[in-house]
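Trainee: No letters, just coordinates:
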């Protein structure tokens, strides 16, 4: 099996493992890692030979960009304090603790590589954690915290990692220079992200076709990462800033096709890239086993102690941090997402699953240093990092659903229903206000005005039946049932029409492009417009 065939196997696994994971009630990232490990054990499967310097630029930009689509700048600004406590402070604390433990258990490990190891295992993976949390039905605020933490701790950890690796490669380190580099890296990244976000937003306006606009959003995160890294900035932070900027500028309410196309594309991209990334974790099993060859008695206990340190530091930090956040929250009466009880704090702790970023950083450790020698204890760093990633994935990932059930941590569906109702009322009111404006401007006949008023009323009721008054709810329910039945039958009519057009595609003398054009129009008419 060659490298290209192996890539196709991982892509296929990314798709197939999702329904299989749901059937087995196992998080997809965990199952994909096991799948990759199974492939690595097959004699016909070669070792992955992806150059380390290509791993971060290929994996992280699309994963981060897809994750940002689920949040917003306002949500980040509202949760800045919890994010700083988790994403910045906790990463520094975890890095320091792991570096100290690593130097104790691996005597020949210098300080700079030890810090690099601490930085690369410090950030929990937002994809793995939210993939598990989303299927558990956890409170939305907890998922928001995990997403925000996952995005910004990558920025902090990767910047620390680069500083430590540079010190290890060059053999020199200055705290002042490192601090200045951190600040400068962040400033460059923010500037690059804003500029590229602005340029991309302008180009999106000029590109009329939804396919072209979606293609541009694919290039944007890679460009933001590459340009920032070229200017010695943080590529991850640049992607984050650009994605947040573009998310805030997506304000065209009539761009229905663009939104549907973009959402579908990025859902597929997130699925495939994430699946391949976790599959690579398993595939690197051969590399890890080779790295530990002859040193099992030394490296296995060392990796176990680092894993324990990573898990315990998160707990010891979260307990006082959550308590402090709640006290400040009550005093300032701020609208931010924080754990509401010790049970939620425990779930937050156990959700600290490591994943894609840690693996990419571990594999990206240079092979040599500037004087031509080997990077200090690179094999030990890779082995310990993979042990931490696989350990958290299998232990925490598989037991998190059980723990959430035991502690009774569940999402507040009533709160979500209330929010949906408020948005439905808001949408219906906006439609009615616009109808009054149109009526004044165009002097519509009474029957048309009444028909439009019913449709404006229906907008809210379709989103939330509670919009209707109490004495009309039964009527509205019956009418909604009739509408759904008509829509169902209408869908069957459209299905028959599409089948006839598709059948014509294989007939002699039929132009496939004309058939596809007609079929595309039928597909557009089949989209739910209500």
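Mentor: Structure received. Predicted model only: the values in this text are computed from it and were never measured.
Trainee: Now do the contacts for residue 267.
Mentor: Residue 267 makes contact with residue 66, according to C-beta atoms under 8 Å, 6 or more residues apart in numbering. Just so you know, the C-beta spots here come from the backbone N, C-alpha and C atoms, and that holds for glycine as well.
Trainee: quick one: it from residue 260, how far?
Mentor: 11 Å (C-beta to C-beta, to the nearest Å).
Trainee: pLDDT-wise, which helix or strand of the chain ranks last?
Mentor: helix 126-136 (a mean of 61; mean pLDDT, DSSP states H and E).
Trainee: Return the distance of the helix or strand that comes right after it from the chain's centre.
Mentor: Beyond helix 126-136 on the C-terminal side, the first helix or strand identified by DSSP states H and E is helix 140-170. Relative to its chain's centre, helix 140-170 lies at 14 Å (C-alpha atoms, centre = their mean, to the nearest Å).
Trainee: Same question for helix 140-170: list its buried residues.
Mentor: Neighbour counts using 16 or more other C-beta atoms under 10 Å place 140-169 of helix 140-170 among the buried residues.
Trainee: cool, and stretch 399-410?
Mentor: Buried-residue list, stretch 399-410, by 16+ other C-beta under 10 Å: 400-401, 403-404, 409.
Trainee: With stretch 272-289 instead?
Mentor: For stretch 272-289, by 16+ other C-beta under 10 Å, it's 273-285, 287-288.
Trainee: Next: stretch 178-195.
Mentor: Quick answer for stretch 178-195 (16+ other C-beta under 10 Å): 178, 181-182, 185-186, 188-190, 192-195.
Trainee: So which elements touch the helix ranked longest in the chain?
Mentor: Secondary structure of the chain per DSSP state H: the longest helix is helix 296-332. With contacts taken as 3 or more C-beta pairs under 8 Å, 6 or more residues apart in numbering; DSSP states H and E, helix 296-332 sits against helix 80-83, helix 90-105, helix 111-121, helix 342-350, helix 378-391.
Trainee: Now tell me which of those the model trusts least on average.
Mentor: When the helices and strands packed on helix 296-332 are ranked by mean pLDDT, helix 80-83 comes last with a mean of 73.
Trainee: roughly how far is that helix from the heart of the chain?
Mentor: 18 Å.
Trainee: buried stuff in it?
Mentor: 81-83.
Trainee: elements contacting that helix?
Mentor: helix 140-170, helix 296-332.
Trainee: least reliable of those going by mean pLDDT?
Mentor: Looking at the helices and strands packed on helix 80-83, the bottom one is helix 140-170 with a mean of 79.
Trainee: Which helix or strand lies directly C-terminal to that one?
Mentor: Heading C-terminal from helix 140-170 (DSSP H and E), you reach helix 175-206.
Trainee: Report the inter-axis angle for that following helix versus helix 140-170.
Mentor: For helix 175-206 against helix 140-170, the angle by axes from the mean of the first three to the mean of the last three C-alpha atoms, to 10 degrees is 120 degrees.
Trainee: Report the inter-axis angle for helix 175-206 versus helix 111-121.
Mentor: Using the same axes, to 10 degrees: helix 175-206 against helix 111-121 is 30 degrees.
Trainee: let's number from 29 now, not from 1
Mentor: Got it, first residue is 29 now, which makes that one helix 203-234.
Trainee: contact partners of stretch 38-51?
Mentor: Against stretch 38-51 from outside (C-beta under 8 Å, 6+ apart): 55-56, 58-60, 63-64, 67, 163, 299-300, 302-304, 307-308, 311.
Trainee: hmm, try it at 10 Å
Mentor: If you take C-beta atoms under 10 Å, 6 or more residues apart in numbering as the criterion, stretch 38-51 is touched by 52, 54-64, 66-67, 76, 159, 163, 296, 299-308, 310-311.
Trainee: Next one: residue 383 from residue 424, what distance?
Mentor: 11 Å.
Trainee: more crowded one of those two?
Mentor: residue 383 (29 against 23; other C-beta atoms under 10 Å).
Trainee: backbone phi and psi for that one, please?
Mentor: phi -160, psi -120 (degrees, to the nearest 10).
Trainee: So it sits against residue 305, correct?
Mentor: Yes: applying C-beta atoms under 10 Å, one finds residue 383 in contact with residue 305, separated by 7.5 Å.
Trainee: How about the contacts made by the nearest residue to residue 380 once chain neighbours are set aside?
Mentor: Nearest non-adjacent residue to residue 380, counting by C-beta to C-beta, 6 or more residues apart in numbering: residue 152, 4.2 Å away. Residues in contact with residue 152, defined by C-beta under 10 Å, 6+ apart, are 114-115, 118-119, 122, 174, 177-178, 181-182, 185, 338, 342, 376, 379-383, 385-386, 420, 424.
Trainee: Recalculate using a threshold of 8 Å.
Mentor: 174, 177-178, 181, 342, 379-383 are the contacts of residue 152 under C-beta under 8 Å, 6+ apart.
Trainee: Any chance of CSV for the residues you listed, columns distance to residue 546?
Mentor: Compiled in CSV, the contacts of residue 152 are given as follows (distance: C-beta to C-beta, whole Å):
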residue, distance to residue 546
174, 46
177, 49
178, 45
181, 50
342, 57
379, 49
380, 53
381, 48
382, 51
383, 45
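Trainee: Closest one of these to residue 31?
Mentor: residue 383 (22.5 Å; C-beta to C-beta).
Trainee: can I assume the closest one is in contact with residue 419?
Mentor: No: here residue 383 lies out of contact with residue 419, judged by C-beta atoms under 8 Å, at a distance of 11.8 Å.
Trainee: Turn the buried residues of stretch 206-223 into TSV, including pLDDT and distance to residue 346.
Mentor: Compiled in TSV, the buried residues of stretch 206-223 are given as follows (pLDDT from 0 to 100; distance: C-beta to C-beta, whole Å):
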residue	pLDDT	distance to residue 346
206	70	27
209	75	29
210	77	24
213	83	27
214	85	25
216	92	32
217	91	27
218	92	28
220	95	33
221	93	29
222	94	32
223	95	36
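Trainee: Could I get these in TSV, plus columns for distance to residue 407?
Mentor: Formatted as TSV, those follow (distance: C-beta to C-beta, whole Å):
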residue	distance to residue 407
206	26
209	27
210	28
213	28
214	32
216	33
217	31
218	36
220	35
221	36
222	41
223	41
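Trainee: Quickly check those residues for the two that are furthest apart.
Mentor: Most distant of these, by C-beta to C-beta, are 206 and 223, 26.0 Å apart.
Trainee: now, among the contacts of residue 152, which is nearest to residue 263?
Mentor: Among the contacts of residue 152, and counting by C-beta to C-beta, the member closest to residue 263 is residue 181, at 15.3 Å.
Trainee: what about that closest one, distance to residue 43?
Mentor: 29 Å.
Trainee: Among the buried residues of stretch 427-438, show me the least confident.
Mentor: Out of the buried residues of stretch 427-438, that is residue 437, at 76.
Trainee: Tell me both backbone torsions, phi and psi, for that one.
Mentor: Dihedral angles (degrees, to the nearest 10) for residue 437: phi -90, psi 110.
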